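Trainee: fold the following, please.
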Amino acid sequence: MKYLQFFRLPALGLFCVFLVSSCVPRQEIVYFQGLEKAEAKMQEQTNNSLKIKPTDLLTISVAAAQQDAALPFNLPVIGVPMGGDQIGLTVNGRQQLQTYLVGKDGNIDFPFLGEIKAEGYSQEEFARNLKGQIKRYVQDPIVNVRVVNFQVSVLGEVNRPGTFDVQDDYFTLPQALGMAGDMSIYGKRDNVLVMREENGRTTHAYLDLGDANIINSPYYYLQQNDVVYVEPNGPQRQSASYNRNASVYISIASVLVSVIILLTR
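Mentor: Model prediction:
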């Protein structure tokens, strides 16, 4: 009978652990629940690609069959070696191009064309606009535009917080979390904050990753300099108030209790 009681306590403990671990609702863990319904409700989206904004830095390259005619539109970065003449800087054998700063008025100053409105266009749209104007000087030009300072910061309860450079026109919240190593087990999946600078003011939205309807949110597609913050869940916030030395004190106390029990037997 004593042996039965001896094994009964560990079995009871394992049962309790299983019971507690099995009580986590699916809704708190799984991403994008109800995706089929969200897709059914999804309306035709406006263009969610990256939009050019003031203070953006652009690289613009122009190519053509007659490359000499396109050279005036490709301003190189100029360096001056010690004791030498000015030369175009290269990286891995490729010439570095000048960047164009989008001013507060939303314009850039481009060779031959002068001031051109860039704000509000996607990279592809702005390239088409430039191509139409460069055609006056170059036959069949190919124009590529890139925003080179597209960065997103991911903070809070993720495995690798930081600021990340982005190369794509379309960049989503799940992609940002993926670059940050996904949320830790302590992150709140139903209250992810996205902060954004728009027209000189900060806007924000709280998104529930468990709800697939976030694919219809304008904050699902991230813009340059967006900040994503994953809030810690309740147990993690509570643990922050605990004394970090509590485990040491408990260990010392348990040793003292064991010693006292041995001495008083």
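
Trainee: mean confidence for stretch 51-65?
Mentor: In this model, stretch 51-65 has an average pLDDT of 93.

Trainee: for Asn149, give me the pLDDT.
Mentor: pLDDT, Asn149: 91.

Trainee: number of residues surrounding it?
Mentor: If you count neighbours by other CB atoms under 10 Å, Asn149 ends up with 15. From N, CA and C alone the C-beta is placed, and that goes for glycine too.

Trainee: need phi/psi at Ala127.
Mentor: Phi and psi for Ala127, reported as degrees, to the nearest 10, are phi -60, psi -40.

Trainee: need the contact partners of stretch 157-167.
Mentor: 150-155, 176-177, 179-184, 186-188, 222, 224, 230-233, 236 (CB atoms under 8 Å, 6 or more residues apart in numbering).

Trainee: end to end on it, go ahead and measure it.
Mentor: 24 Å (CA to CA, to the nearest Å).

Trainee: hang on, the earlier thing: in PyMOL, select just the buried ones from the contacts of stretch 157-167.
Mentor: Per 16 or more other CB atoms under 10 Å, the buried members of the contacts of stretch 157-167 correspond to this PyMOL selection:
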select buried, resi 150+152+153+154+176+177+179+180+183+184+186+187+188+222+224+230+231+232+233
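
Trainee: quick one: which of the contacts of stretch 157-167 sit in strands?
Mentor: Those of these mapping onto strands are 151-155, 230, per DSSP state E.

Trainee: shaky segments in this structure?
Mentor: Within the chain, the segments meeting pLDDT under 70 span 1-47, 78-95, 234-249, 265.

Trainee: residue ranges of each domain in it, please.
Mentor: 57-147, 150-237 (automatic domain parsing).

Trainee: for those domains, which one ends up most surrounded?
Mentor: Across the domains of the chain, the average number of neighbours (mean count of other CB atoms under 10 Å) peaks for domain 150-237, which reaches a mean of 16.
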